[in-house]
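Participant: Structure for this input, please:
(chains A and B)
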There are 2 protein chains.
Amino acid sequence: MNEYAKINDIKIVYQLEGEEVMEQKGLHVAVVGATGAVGQQMIQTLEKRNFPIAKLSLLSSERSAGKKVMFKGEEIEVQAAKPESFEGVHIALFSAGGAVSKQLAPEAVKRGAIVVDNTSAFRMDENVPLVVPEVNEADLHWHKGIIANPNCSTIQMVVALEPIRQAFGLKRVIVSTYQAVSGAGAQAVEELKTQTARMLNGEEVTPEILPVKSDRKHYPIAFNAIPQIDKFQDNGFTFEEMKMINETKKIMHMPELEVAATCVRIPVMTGHSESVYIEIEKEGVGVDELKSLLKEAPGVVLQDDPSEQLYPMPLYATGENDVFVGRIRKDLDRDTAFHLWIVSDNLLKGAAWNSVQIAESLLKLGFVKA
Amino acid sequence: MNEYAKINDIKIVYQLEGEEVMEQKGLHVAVVGATGAVGQQMIQTLEKRNFPIAKLSLLSSERSAGKKVMFKGEEIEVQAAKPESFEGVHIALFSAGGAVSKQLAPEAVKRGAIVVDNTSAFRMDENVPLVVPEVNEADLHWHKGIIANPNCSTIQMVVALEPIRQAFGLKRVIVSTYQAVSGAGAQAVEELKTQTARMLNGEEVTPEILPVKSDRKHYPIAFNAIPQIDKFQDNGFTFEEMKMINETKKIMHMPELEVAATCVRIPVMTGHSESVYIEIEKEGVGVDELKSLLKEAPGVVLQDDPSEQLYPMPLYATGENDVFVGRIRKDLDRDTAFHLWIVSDNLLKGAAWNSVQIAESLLKLGFVKA
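Facilitator: As a prediction, the model looks like this:
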């Protein structure tokens, strides 16, 4: 907790809803989308990390307002998010969909908050840094109030690829994903559970959520694989695939990097897996060099020992903040090509933990002051 | 059924176990491994295709002998396989594991049978053709009694790639698989079902079969993805991955083809899916040309219309003989590179149907005579 040393000197004055003015040490943090799958993980992560919070505002849609959520042993009532909700807020973590972010993030910034936005609303905005702290924490220096949290499937990949890029150069990435249902929200997880139980009982299923709730057709995810995540673009790629392609280039500051993605949903609740092919610049690099590098890389846990059947799996990555990498092999035909298997909890490093980590970086770098 | 015209002239004389000599039109076919997941599909496929069978011998291990299996409305008792079981057999379909094939396939050949072997025992033997009829039916001409049926994940891929190779040349293949549990046998499917039910009820699970029954460690497959199919080789690739690499080159007669594979088991009962990246020789080929080509390709069903959310999925490929191809996209950086999503029933085209199809080719080409 050394990085929080400076927070002890911060004194914050804020006004409770309609009550007297209080003075207390710590920050006023808001979580927008507090009742969603990612919002819940954000709240738990803030608690686990002992983030220096003086006040926590839990915000949501009108529909979810009034619900109670536990934080550090206290019940907090969820409020409907409105522009005024951000008065006095230092850091606002948004995860309530792109439309909400587009409407309310500027309102939060106007009121002095720094927004860490987990939606795709601002990710490709050239005025908004897109940050994975292990990769490009320095981009926080040019933020203008909003910082975008990348797409879950992008984050875990760049955490594993950045140390390789730094050491050996990176030319090309081809990724096929095995994405968990929780990436589509809590409703989708319920659909997976219900469908699975019904199929095991030989009953009919009526898919309503996946692959994309707002799209026209829905397919069963139980005992199936659906090669569609988010809607299709005119070029035949899905938005999810284009997010991985474009966000990777932006985060790594490599517009010239060749990236291709095929994104697939599988019947896993939590934990995205990725089969990643890369080509590096440097010739003659051995698998052991790559392993040594990743063993020491920030945010990465190397799980790679075929003789012990050790490799990453989503079931075991669930609840962990790290990015797990294994199955590292040199391509049998090309000296500068490698294959990796990258797994991480899509709700944590892919969303909540990366957002809280950005908030921690903002503190460390002195961007948040009372 | 025109291709069977010539079979009508075949008269077969064979002896029923200890009974009088009978004369009847049709072939004596043996299925070895008759009680297994693939064996069952072989029997059903022989029936569905109305394969010209005069006698069907169902063979198995001592353990499964005595079981009764239905074929064309009649109950057939499964016998323990032994060398003498193949007396008078014209075609023997083997799917009882590599050890059984190594021991009994030569015995069957010695007795005049042609063996179609669905195990990996003889696949890379240079004296044994490895056949996918849509791709290399002509290799049947040099068979010496044993014909190998390729690995399930290889078959569906080469069916989709062969027409592309013929039209535009093929230089490179990188595949990531999403493989169904039935590829590991009926016991593995039971494990998936039981584990899934227990996990939904919040109960503990004790994996015993997957990823590889005879390997030391076992992991849950329910709501998980396991990046290990078959055991590991010293080079860090699994045997399954090396099968895809080596068999693809052999079937396509392209030792120079660059192939890389990452094989992953997912909680799907039946139907393997594959995310496949290819590089072709010809420049300037459009996605529409690739689609038109695959639309007409033998054994292939094109399912590719993003505007209708049409793409292949394993749940819908189950029970079908075809190979379904969709999500065809040109790489965004390279003119000669494409991405495809290939799905097929691993027990049918991946095993039973391809074996029966080889038997049909043997008939058509006149290799089987009474």
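
Participant: shaky segments in chain A?
Facilitator: Counting by pLDDT under 70, chain A shows low-confidence ranges at A:1-24, A:370.

Participant: okay, now the domains of it?
Facilitator: For chain A, automatic domain parsing gives the domain ranges A:2-121, A:154-346.

Participant: Need the winner for burial among those domains.
Facilitator: Compared across those, domain A:154-346 shows the largest average neighbour count, a mean of 20 (mean count of other Cβ atoms under 10 Å in any protein chain shown). The way it works is simple: take the backbone N, C-alpha and C, and place the C-beta from them, glycine included.

Participant: okay if I get the domains of chain A as JSON lines plus distance to chain B?
Facilitator: Shown next, in JSON lines, are the domains of chain A (distance: least, Cβ to the nearest Cβ, whole Å):
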{"stretch": "domain A:2-121", "distance to chain B": "15"}
{"stretch": "domain A:154-346", "distance to chain B": "4"}
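
Participant: Give me the distance between residue A:57 and residue A:353.
Facilitator: Note on residue A:57: its distance to residue A:353, by Cβ to Cβ, to the nearest Å, is 20 Å.

Participant: quick check, residue A:165 in a helix?
Facilitator: Yes - using DSSP: H, G, I helix; E, B strand; the rest coil, the assignment for residue A:165 is a helix.

Participant: wait, it sits on residue A:252?
Facilitator: Yes - taking contacts as Cβ atoms under 8 Å, residue A:165 lies within contact range of residue A:252: 6.3 Å.

Participant: those helices in the stretch 251-370 of chain A, which residues are they?
Facilitator: With DSSP state H, counting those that start in this stretch as the criterion, the stretch 251-370 of chain A has helices at A:287-295, A:314-317, A:353-364.

Participant: Turn the ones you listed into CSV, columns for distance to residue A:181.
Facilitator: Below are those laid out as CSV (distance: least, Cβ to Cβ, whole Å):
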stretch, distance to residue A:181
helix A:287-295, 28
helix A:314-317, 11
helix A:353-364, 19
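
Participant: Which one of those helices lies nearest to residue A:326?
Facilitator: Closest approach to residue A:326 among the helices of the stretch 251-370 of chain A is made by helix A:287-295 (9.3 Å; Cβ to Cβ).

Participant: for that closest one, packing partners?
Facilitator: helix A:152-168, strand A:300-302, strand A:323-330 (3 or more Cβ pairs under 8 Å, 6 or more residues apart in numbering or on different chains; DSSP states H and E).

Participant: can you tell which of the ones you listed is closest to residue A:359?
Facilitator: Short answer: helix A:152-168, nearest of those by Cβ to Cβ, at 15.2 Å.

Participant: The closest one - contacts with which helices or strands?
Facilitator: helix A:133-136, strand A:170-178, helix A:239-251, strand A:272-280, helix A:287-295, strand A:300-302, strand A:323-330, strand A:337-344.

Participant: In CSV: these, plus distance to residue A:194.
Facilitator: CSV is the format used below for these (distance: least, Cβ to Cβ, whole Å):
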stretch, distance to residue A:194
helix A:133-136, 37
strand A:170-178, 22
helix A:239-251, 24
strand A:272-280, 22
helix A:287-295, 39
strand A:300-302, 33
strand A:323-330, 29
strand A:337-344, 26
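
Participant: Quick one: the domains of chain A as a markdown table, columns for distance to residue B:321 too.
Facilitator: Below are these laid out as a markdown table (distance: least, Cβ to Cβ, whole Å):
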| stretch | distance to residue B:321 |
| --- | --- |
| domain A:2-121 | 40 |
| domain A:154-346 | 19 |
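
Participant: Any idea which of these gets closest to residue B:28?
Facilitator: Per Cβ to Cβ, nearest to residue B:28 of the domains of chain A: domain A:154-346, 37.5 Å.

Participant: okay, now residue A:361: neighbour count?
Facilitator: 18 (other Cβ atoms under 10 Å in any protein chain shown).

Participant: residues touching it, list them.
Facilitator: By Cβ atoms under 8 Å, 6 or more residues apart in numbering or on different chains, residue A:361 lies in contact with A:131, A:133, A:137, A:140.

Participant: out of the residues you listed, who's nearest chain B?
Facilitator: Comparing the contacts of residue A:361 against chain B with Cβ to the nearest Cβ places residue A:131 closest, at 24.3 Å.

Participant: I'd like to know how many residues surround the closest one.
Facilitator: Neighbours around residue A:131, by other Cβ under 10 Å: 26.

Participant: what does the helix or strand encompassing residue A:102 rub up against?
Facilitator: Assigned by DSSP states H and E, residue A:102 belongs to helix A:98-110. Counting by Cβ under 8 Å, 6+ apart, helix A:98-110 makes contact with A:30, A:32-33, A:61, A:81-83, A:86, A:89, A:92, A:94, A:115, A:117, A:119-122, A:144-146, all of which sit outside it.

Participant: Ok, stretch A:48-67 next?
Facilitator: A:1, A:4, A:7, A:10, A:12, A:14, A:16, A:24-36, A:39, A:43, A:46, A:69, A:71, A:76-81, A:85, A:88-89, A:96, A:100, A:356, A:359-360, A:363.

Participant: again with stretch A:293-313
Facilitator: Here stretch A:293-313 has contacts from A:134, A:159-160, A:162-164, A:167, A:271, A:273, A:291, A:320-328, A:341-343, A:349, B:211, B:215-217, B:219, B:224-228, B:232, B:236, using Cβ under 8 Å, 6+ apart.

Participant: and stretch A:38-48, C-alpha only, in PDB?
Facilitator: Output of stretch A:38-48 as PDB, limited to C-alpha atoms (Å, rounded to 0.1, in the frame of the first residue of the first chain):
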ATOM      1  CA  VAL A  38     -18.700  -5.700 -14.000                       C
ATOM      2  CA  GLY A  39     -20.000  -3.000 -11.500                       C
ATOM      3  CA  GLN A  40     -20.300  -5.600  -8.800                       C
ATOM      4  CA  GLN A  41     -16.700  -6.700  -9.400                       C
ATOM      5  CA  MET A  42     -15.500  -3.100  -9.400                       C
ATOM      6  CA  ILE A  43     -17.100  -2.600  -5.900                       C
ATOM      7  CA  GLN A  44     -15.500  -5.800  -4.600                       C
ATOM      8  CA  THR A  45     -12.100  -4.900  -6.100                       C
ATOM      9  CA  LEU A  46     -12.200  -1.500  -4.600                       C
ATOM     10  CA  GLU A  47     -12.800  -3.200  -1.200                       C
ATOM     11  CA  LYS A  48     -10.100  -5.900  -1.700                       C
END
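
Participant: Quick one: end-to-end distance for stretch A:124-141.
Facilitator: 17 Å (Cα to Cα, to the nearest Å).

Participant: so what's the closest residue to residue A:254 other than its chain neighbours bridging to?
Facilitator: Distance criterion Cβ to Cβ, 6 or more residues apart in numbering or on different chains; nearest residue to residue A:254, sequence neighbours excluded, is residue A:170 at 7.1 Å. Residues in a beta bridge with residue A:170, per DSSP bridges, are residue A:280.

Participant: try the one 5 residues further on
Facilitator: Each beta-bridge partner of residue A:175 is listed here: residue A:261, residue A:276, as defined by DSSP bridges.

Participant: got a list of what it touches?
Facilitator: Here residue A:175 is in contact with A:153, A:157, A:244, A:259, A:260, A:261, A:262, A:274, A:275, A:276, A:277 (Cβ under 8 Å, 6+ apart).
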